[in-house]
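**Student:** Could you work out the structure for the sequence below:
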Amino acid sequence: MVYGLGNAFKSLNTYYQEKTTRIRNSLSPSRPSMSETTAEGSSSSSRASTTIPSTPNMDSTPTVEDPTQNGNNGMSRDEFRQYGKETVDYIVDYLENIQKRRVVPAIEPGYLKDLIPSEAPNAPESFESVMEDFEKLIMPGITHWQHPRFHAYFPAGNSFPSIIADMLSDAIGCVGFSWAACPAMTELELIMLDWFGKMIGLPAEFLPLTENGKGGGVIQSSASECNFVTLLAARFEIMKELRQRFPFVEEGLLLSKLIAYCSKEAHSSVEKACMIGMVKLRILETDSKFRLRGETLRNAIQEDRNLGLIPFFVSTTLGTTSCCSFDVLSEIGPICKENELWLHVDAAYSGSAFICPEFRPLMNGIEYAMSFNTNPNKWLLINFDCSTMWVRDRFKLTQALVVDPLYLQHSWMDKSIDYRHWGIPLSRRFRSLKLWFVIRMYGIDGLQKYIREHVRLAKKMETLLRADAKFEIVNEVIMGLVCFRMKGDDELNQTLLTRLNASGRIHMVPASLGDRFVIRFCVCAENATDKDIEVAYEIISQATQHVLHDSVKAAIAEEDEEAVALEEMVADLNISETPEKVLARQNSANAETGQRLERQLSKEEILAQKQHESLAKKRYTPEPLDLSSAPENDLKPAPLSPEILVS
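**Tutor:** Next up is the predicted model:
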């Protein structure tokens, strides 16, 4: 049951500002408020100091003795200070020197089982021993997503501010399923979804802090979860309507009539969401640019309604996984509105780029959407997991997910948001903290520069590949993804990609576009440079030369084998003919045999026709012909009649 969520946002702006001011003043009276900060987004006093604020002195609370001093509890406070600093040094060294490692490990499945004991240790082990094994056993099996030559999938966000924020979140150790469970966690999430929504240009109807608005935002664990919960919300909404219209029809029958839509380039999580949600999914074809168009959707809706199905949900993609194509929302949106379908927009990768105004035309038509998601943990320097989602009407989302036992209720429910009603899990991490750190420490300007640089580098790779006659570009390069293939068949391209990944010098993954095998090259590293792109191109070009060389060698070897086989056949026949004469003689013999068979069949057909006419004149039923002695190859089958084909 929802307790007063309708009033949740009426006084929230004033409430969180007043409460934040009270807390700030009690902890650090000299610190300026947010409104007193400079135009650069930080106060002059905070910039002047480089030290972390100390913990407020609370004299009434005695210092708790360290319970770990006996050495049996894993790590003492002093050890944590020491080892924590050492670990930070290790992290910095790892990222600084990551280019010296293989991008992908040279191991096989099951490698670790033989290296780690089969039983857990009874006695505690030292930090030094654990870290030694980490470097010796774990690191050889790591795929290094932050490597400058990692160009697979999409970026895995990473930055020092995000790492520090996650360290603080882990240290706090809160589980923020409700406002009461951790007020700061809930309120910071609200504010960050409002900040970020404004940064990417979402309509005000989606933003959490729009006055008297019904929209809202939440941070989920992944885009897959976003796709799933929006499908559940749409399913709940349509089922509520159908139950009212058909109160005597079984819910299972109504559910079996529901059908959702996505393009063939949509993420696999849409299909999985429909599987779990027990609704049909129709996967639609795309145009020549791999985009879902409005006319395709309109025709599918009409066809399915004619079959007695009930369309209810459309999942579109801005920046598809295979090739970063963009479904045409401006065409799809009006059709969804006309047919009262829930329109969801999945912009997991590309959504972060909308902080740059020049990319926002790609989301024209967003005003028709009911929900939207993007992953800052892909392309906004934020570590996994952090998938942001907005809805136009938060009540349509929460009504599908509310379960409210007494032990989770609290006295502030009429004035707050409880995010346990916005997703599948009850327990929630403090994800908004790293979003806050990254946005503040990079600023919008810094994040825009990062996005634009990745797009520029992708265009550079596109230029290099287009200038090389060995390659062709398959997608329209709009963001940081280039899809290419070497000219030739799919087998050659598969060989090329296998060779590249096996080298350990670069890592890419394939996709299928227009039933053709293509190779995806995505700019992923935060500090990628022109030199990185040039090196990657050289690696690809050299490997392609080797593949082409091996292919020519294999073709020559195959021709040589055929020539040897012909020579051996000539030798076996013990004649002095050349291979060419042998082939000519065989072809002539085959032709003569064919002509002889045709003449024989013609004679037999004429004879059979005469026998048939003679029997017809005598008007009696003939005895069945005895064909037991006829050679099997001389029997010509009778043609099938249309009646037989139909039956």
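**Student:** Can you identify each of the strands in the stretch 401-550 of the chain by residue range?
**Tutor:** Remark: strands assigned in the stretch 401-550 of the chain by DSSP state E, counting those that start in this stretch are 471-473, 481-486, 509-513, 516-522.
**Student:** Go through the ones you listed and name the closest to residue 99.
**Tutor:** strand 516-522 (17.4 Å; C-beta to C-beta). Glycine gets a C-beta too; all of them are placed from N, C-alpha and C.
**Student:** Sort out which residues of that closest one are buried, please.
**Tutor:** Using 16 or more other C-beta atoms under 10 Å as the test for burial, strand 516-522 gives 517-522.
**Student:** mind putting the strands of the stretch 401-550 of the chain in JSON lines, distance to residue 167 included?
**Tutor:** Below are the strands of the stretch 401-550 of the chain laid out as JSON lines (distance: least, C-beta to C-beta, whole Å):
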{"stretch": "strand 471-473", "distance to residue 167": "42"}
{"stretch": "strand 481-486", "distance to residue 167": "31"}
{"stretch": "strand 509-513", "distance to residue 167": "31"}
{"stretch": "strand 516-522", "distance to residue 167": "28"}
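**Student:** Nearest to residue 420, out of those strands?
**Tutor:** Here strand 516-522 is closest among these (C-beta to C-beta), at 35.1 Å.
**Student:** Can you give the distance from that closest one to the centre of its chain?
**Tutor:** 15 Å (C-alpha atoms, centre = their mean, to the nearest Å).
**Student:** Paired strands for that strand, with orientation please.
**Tutor:** strand 481-486 (antiparallel), strand 509-513 (antiparallel) (DSSP bridges).
**Student:** just so I know, which of these lies nearest residue 175?
**Tutor:** Per C-beta to C-beta, nearest to residue 175 of the strands paired with strand 516-522: strand 509-513, 35.2 Å.
**Student:** The closest one: which residues count as buried?
**Tutor:** Going by neighbour count (16+ other C-beta under 10 Å), the buried part of strand 509-513 is 510-511, 513.
**Student:** average pLDDT for it?
**Tutor:** For strand 509-513, mean pLDDT rounds to 96.
**Student:** residues in contact with it?
**Tutor:** When contacts are defined by C-beta atoms under 8 Å, 6 or more residues apart in numbering, strand 509-513 is touched by residues 152-153, 290, 321-323, 474-475, 483, 493-494, 497, 517-520.
**Student:** Tell me the one among the residues you listed nearest to residue 349.
**Tutor:** Distances from residue 349 to the contacts of strand 509-513, taken by C-beta to C-beta, are shortest for residue 321, at 7.5 Å.
**Student:** from what I can see that closest one touches residue 347, true?
**Tutor:** No - using C-beta atoms under 8 Å, residue 321 makes no contact with residue 347, being 11.7 Å away.
**Student:** Pipe the buried residues of strand 516-522 into CSV and attach distance to residue 132 and pLDDT per row.
**Tutor:** Below are the buried residues of strand 516-522 laid out as CSV (distance: C-beta to C-beta, whole Å; pLDDT from 0 to 100):
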residue, distance to residue 132, pLDDT
517, 43, 97
518, 43, 97
519, 38, 97
520, 37, 98
521, 36, 98
522, 34, 98
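**Student:** mind putting those residues in TSV, distance to residue 229 included?
**Tutor:** Shown next, in TSV, are the buried residues of strand 516-522 (distance: C-beta to C-beta, whole Å):
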residue	distance to residue 229
517	34
518	32
519	34
520	28
521	33
522	27
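**Student:** ok, these vs residue 374, which is closest?
**Tutor:** Nearest to residue 374 among the buried residues of strand 516-522, with distances taken as C-beta to C-beta, is residue 522, at 16.3 Å.
**Student:** ok, the closest residue to the closest one other than its chain neighbours - contacts?
**Tutor:** The shortest distance from residue 522 to any non-neighbouring residue, by C-beta to C-beta, 6 or more residues apart in numbering, is to residue 481 (4.8 Å). Taking C-beta under 8 Å, 6+ apart, we find residue 481 in contact with 154, 323-324, 349, 458, 475, 520-523.
**Student:** Which among the contacts of strand 509-513 count as buried?
**Tutor:** 152-153, 290, 321-323, 474-475, 483, 493, 497, 517-520.
**Student:** So which residues of the chain form strands?
**Tutor:** 216-220, 258-263, 280-284, 310-317, 342-346, 371-374, 387-391, 471-473, 481-486, 509-513, 516-522 (DSSP state E).
**Student:** List the strands paired with the fourth one, with their directions.
**Tutor:** Partners of strand 310-317 in the sheet, by DSSP bridges, are strand 258-263 (parallel), strand 342-346 (parallel).
**Student:** Check the offset of that strand from the chain's centre.
**Tutor:** Strand 310-317 sits 18 Å away from the centroid of its parent chain (C-alpha atoms, centre = their mean).
**Student:** can you check the fifth one too?
**Tutor:** In terms of C-alpha atoms, centre = their mean, the centre of strand 342-346 is set 16 Å apart from its chain centre.
**Student:** okay if I get the strands of the chain as a markdown table plus distance to residue 424?
**Tutor:** Shown next, in a markdown table, are these (distance: least, C-beta to C-beta, whole Å):
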| stretch | distance to residue 424 |
| --- | --- |
| strand 216-220 | 9 |
| strand 258-263 | 18 |
| strand 280-284 | 19 |
| strand 310-317 | 18 |
| strand 342-346 | 16 |
| strand 371-374 | 14 |
| strand 387-391 | 12 |
| strand 471-473 | 40 |
| strand 481-486 | 30 |
| strand 509-513 | 28 |
| strand 516-522 | 29 |
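**Student:** which of the contacts of strand 509-513 lies closest to residue 142?
**Tutor:** Among these, and counting by C-beta to C-beta, the member closest to residue 142 is residue 152, at 13.9 Å.
**Student:** For that closest one, give me its contacts.
**Tutor:** 507-509, 520, 522, 524.
**Student:** again, only using 7 Å
**Tutor:** Shown in contact with residue 152 (C-beta atoms under 7 Å, 6 or more residues apart in numbering): 507-509, 522.
**Student:** tally of neighbours for the closest residue to residue 314 other than its chain neighbours?
**Tutor:** With C-beta to C-beta, 6+ apart as the criterion, residue 314 has its nearest non-adjacent residue at 4.8 Å, and that residue is residue 261. Applying other C-beta atoms under 10 Å, we find 27 residues neighbouring residue 261.
**Student:** Report the beta-bridge partner residues of residue 261.
**Tutor:** residue 282, residue 314.
**Student:** Could you verify my assumption that it touches residue 282?
**Tutor:** Yes - if you go by C-beta atoms under 7 Å, residue 261 and residue 282 touch, sitting 5.3 Å apart.
**Student:** so what sits against both of the two?
**Tutor:** In contact with both residue 261 and residue 282: residue 300, using C-beta under 7 Å, 6+ apart.
**Student:** just to revisit the earlier point, which one, of the strands paired with strand 516-522, ends up nearest to residue 275?
**Tutor:** strand 509-513 (21.0 Å).
**Student:** What ranges in this protein fall below the confidence cut-off?
**Tutor:** Counting by pLDDT under 70, the ranges of the chain that qualify are 1-72, 413, 555, 557-564, 566-583, 585-586, 589-590, 592-647.
**Student:** can you do 90?
**Tutor:** Scanning the chain with the threshold set as pLDDT under 90 gives 1-74, 174-183, 211-213, 223, 398-427, 429-430, 549-647.
**Student:** picking that back up, the residue nearest to residue 314: what's it in contact with?
**Tutor:** 282, 284, 297, 300, 311, 314.
**Student:** burial count for the closest residue to residue 181 other than its chain neighbours?
**Tutor:** Residue nearest to residue 181 in three dimensions, not counting chain neighbours: residue 175, with 6.2 Å by C-beta to C-beta, 6+ apart. Using other C-beta under 10 Å, residue 175 is surrounded by 14 other residues.
**Student:** any idea how far residue 175 lies from residue 80?
**Tutor:** Residue 175 sits 22 Å away from residue 80, going by C-beta to C-beta, to the nearest Å.
**Student:** now, the most widely separated pair of the contacts of residue 261?
**Tutor:** 284 and 311 (11.8 Å).
**Student:** Neighbour count: these two, which is higher?
**Tutor:** Set residue 284 next to residue 311 and count neighbours by other C-beta under 10 Å: residue 311 wins out with 24 against 18.
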